[in-house]
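**Student:** I'll drop the sequence and a predicted model, then ask my questions.
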Amino acid sequence: MPEEKGAKELGFFEKYLTVWVAICIGLGLFLGETFPQLTDFFEAFEIYGYPVIVAIALFLMIYPIMVQTDFGEIIRAGKSVKPVATTLVLNWLVKPFTMAFIAWLAFRVIFVNLVGYDMGGDLMAGMILLGIAPCTAMVLVWGYLSRGNMGHVVVMVAINSLSMVVLYAPLAILLLPVADVPVPMDRVAFGVLAYVGLPLAAGYLTRRIMIKKKGKEAFERFTSKLHYVAPAALLFTIVAIVTPQSGIVLANPLLVLLVLIPLTIQIFAIFGVGYWGSKKLGLTYKDAAPTAQIAASNHFEVAIAMSIALFGIDSGATLAAVTGMLIEVPIMLLLVQICLKTQHWFLSHG
């Protein structure tokens, strides 16, 4: 089985990926403070607010995954009602409201005396903006690392991206103390194209042309050479995203810590609900793992952009959204390991 082969090939680099992620977060913070001109450099090359360098890195992160995806799986996944419906319910009916409740509990009850009422409201807003932005590009990496059904992941990335355009504003208006929240549709559209559409098309064409002209063995030799491209691109992406946000993080260490606590609880809680619920619904491991991961992860790029637009770059809301970026990758890597170690829970379901 390919899964067994993948498990045997788990080398030193992948085993300690969480360590490399932590190092890259630290490096991003160091570079942002030591070379503040790097922020200007990133902002000088942007398309629809996305740094071109980050877009290139994300392409390199997703392309190797797409190349190895059997596109027949995507078609089959689109016809599987139960995993798709479960993911949609978790993303849009469960997650936004649990995030809002946990944010309220943290900053209106538990930590209110530490942060104050006004700052607590800002931090709540940032967490809510994270909770109503389901993950897209990054979840492809989590699904791939946990050896999930990549067809299901791709289908849900597409559905989530389209759903976000329709549901983001109503949920923000419902859950945030603001009257009107604009959805930057051009930014969302560009993000979907750059982060998902382009690598999906490139991976499909590469796979089809190589297998047809050179055979499956030549194709497998090619994909084996891409083994470290995706994780290396992931690490570079982390540095590129953290560097411009270093100032706001380092200026507010206590607030960062206080946001980390409820965000961590939220991620683990929603993952647990998704994973347990998937098992109860009879989903296979390959569908259950990405279903829970998609529900647990957030589209922090959108949340950061929206928090800056609504509350300003130096606001507590933006700090909370950036903190979500810092904590999500390490936690999701841990959840990948939990999935891999609990595959036997789903043996009775195929």
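**Tutor:** Right, received. Where do you want to start?

**Student:** residues contacting V94?
**Tutor:** Neighbouring residues of V94 by C-beta atoms under 8 Å, 6 or more residues apart in numbering: 270, 273, 295. Bear in mind the C-beta positions are built from the backbone N, C-alpha and C, glycine included.

**Student:** flag the least confident of the residues you listed.
**Tutor:** Comparing pLDDT over those singles out A295 as the least confident position, at 89.

**Student:** for the protein, what spans make up the strands?
**Tutor:** Counting by DSSP state E, the chain has strands at residues 46-47, 50-51.

**Student:** what's the pLDDT at P177?
**Tutor:** Reported pLDDT for P177: 63.

**Student:** now rank the contacts of V94 by neighbours and give me the top one.
**Tutor:** Neighbour counts for the contacts of V94, by other C-beta atoms under 10 Å, peak at A295, which reaches 31 neighbours.

**Student:** any idea how far Q68 is from it?
**Tutor:** Applying C-beta to C-beta, to the nearest Å, one obtains 24 Å for the distance of A295 from Q68.

**Student:** hmm, back to that, among the contacts of V94, find me the one that's closest to L60.
**Tutor:** When the contacts of V94 are compared for distance to L60 (C-beta to C-beta), A295 wins out at 26.3 Å.

**Student:** which residues does P330 contact?
**Tutor:** In this structure, P330 makes contact with 18, 21-22, judged by C-beta under 8 Å, 6+ apart.

**Student:** so which of those are in helices?
**Tutor:** In helices, defined here by DSSP state H, the members of the contacts of P330 are 18, 21-22.

**Student:** any chance of the residues you listed in a markdown table, plus neighbour count, distance to F101 and pLDDT?
**Tutor:** Listed next are the ones in helices among the contacts of P330 as a markdown table, based on neighbours: other C-beta atoms under 10 Å; distance: C-beta to C-beta, whole Å; pLDDT from 0 to 100:
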| residue | neighbour count | distance to F101 | pLDDT |
| --- | --- | --- | --- |
| T18 | 16 | 29 | 73 |
| V21 | 19 | 29 | 80 |
| A22 | 15 | 29 | 84 |
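
**Student:** now, which of those sits nearest F300?
**Tutor:** Nearest to F300 among the ones in helices among the contacts of P330, with distances taken as C-beta to C-beta, is V21, at 14.2 Å.

**Student:** isn't the closest one right up against V329?
**Tutor:** Yes: contact status for V21 versus V329: in contact at 5.2 Å, counting by C-beta atoms under 8 Å.

**Student:** give the residues shared as contacts by these two.
**Tutor:** Where contact means C-beta under 8 Å, 6+ apart, the residues bridging V21 and V329 through contact with each are 234, 238.

**Student:** switch the contacts of V94 over to TSV; also include distance to L198.
**Tutor:** Rendered in TSV, the data for those read as follows (distance: C-beta to C-beta, whole Å):
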residue	distance to L198
I270	29
V273	33
A295	26
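
**Student:** among these, which lie within helices?
**Tutor:** Judged by DSSP H, these include 270, 273, 295 as members of helices.

**Student:** wait, isn't the first one in contact with S297?
**Tutor:** Put plainly, it is I270. No: under the contact definition of C-beta under 8 Å, I270 does not touch S297, with a separation of 9.2 Å.

**Student:** who's in contact with L334?
**Tutor:** Counting by C-beta under 8 Å, 6+ apart, L334 has contacts T18.

**Student:** I265: which of the ones in helices among the contacts of P330 is nearest?
**Tutor:** For the ones in helices among the contacts of P330, the minimum distance to I265 (C-beta to C-beta) is 19.1 Å, reached by T18.

**Student:** which one is that closest one nearest to, not counting chain neighbours?
**Tutor:** Sequence neighbours aside, L333 is the residue nearest to T18 in space, at 4.8 Å (criterion: C-beta to C-beta, 6 or more residues apart in numbering).

**Student:** identify the residues contacting that neighbour.
**Tutor:** When the contact criterion is C-beta under 8 Å, 6+ apart, the partners of L333 are 17-18, 21, 145.

**Student:** can you report how many residues lie near L93?
**Tutor:** Every residue meeting other C-beta under 10 Å relative to L93 is counted, giving 9.

**Student:** hmm, I was thinking of S315
**Tutor:** Neighbour count for S315, taken as other C-beta under 10 Å: 19.

**Student:** repeat that for the one 3 residues further on.
**Tutor:** The number of residues packed near T318 is 26, by other C-beta under 10 Å.

**Student:** isn't it up against A125?
**Tutor:** No: at 9.5 Å, T318 and A125 do not qualify as touching, with contact defined as C-beta under 8 Å.

**Student:** which residues are in contact with each of these two?
**Tutor:** A shared contact of T318 and A125, defined by C-beta under 8 Å, 6+ apart, is any residue touching both; here these are 307, 311.

**Student:** show residues contacting stretch 335-350.
**Tutor:** With C-beta under 8 Å, 6+ apart as the criterion, stretch 335-350 contacts 7, 142, 145-148, 267-268, 271, 275, 279, 282-285, 288-289, 292-293, 296.

**Student:** rerun at 7 Å
**Tutor:** The set of residues that contact stretch 335-350 without belonging to it, under C-beta atoms under 7 Å, 6 or more residues apart in numbering, is 142, 145-146, 271, 279, 282-285, 288-289, 293, 296.

**Student:** which of those count as buried?
**Tutor:** 142, 145-146, 271, 279, 283-285, 288-289, 293, 296 (16 or more other C-beta atoms under 10 Å).
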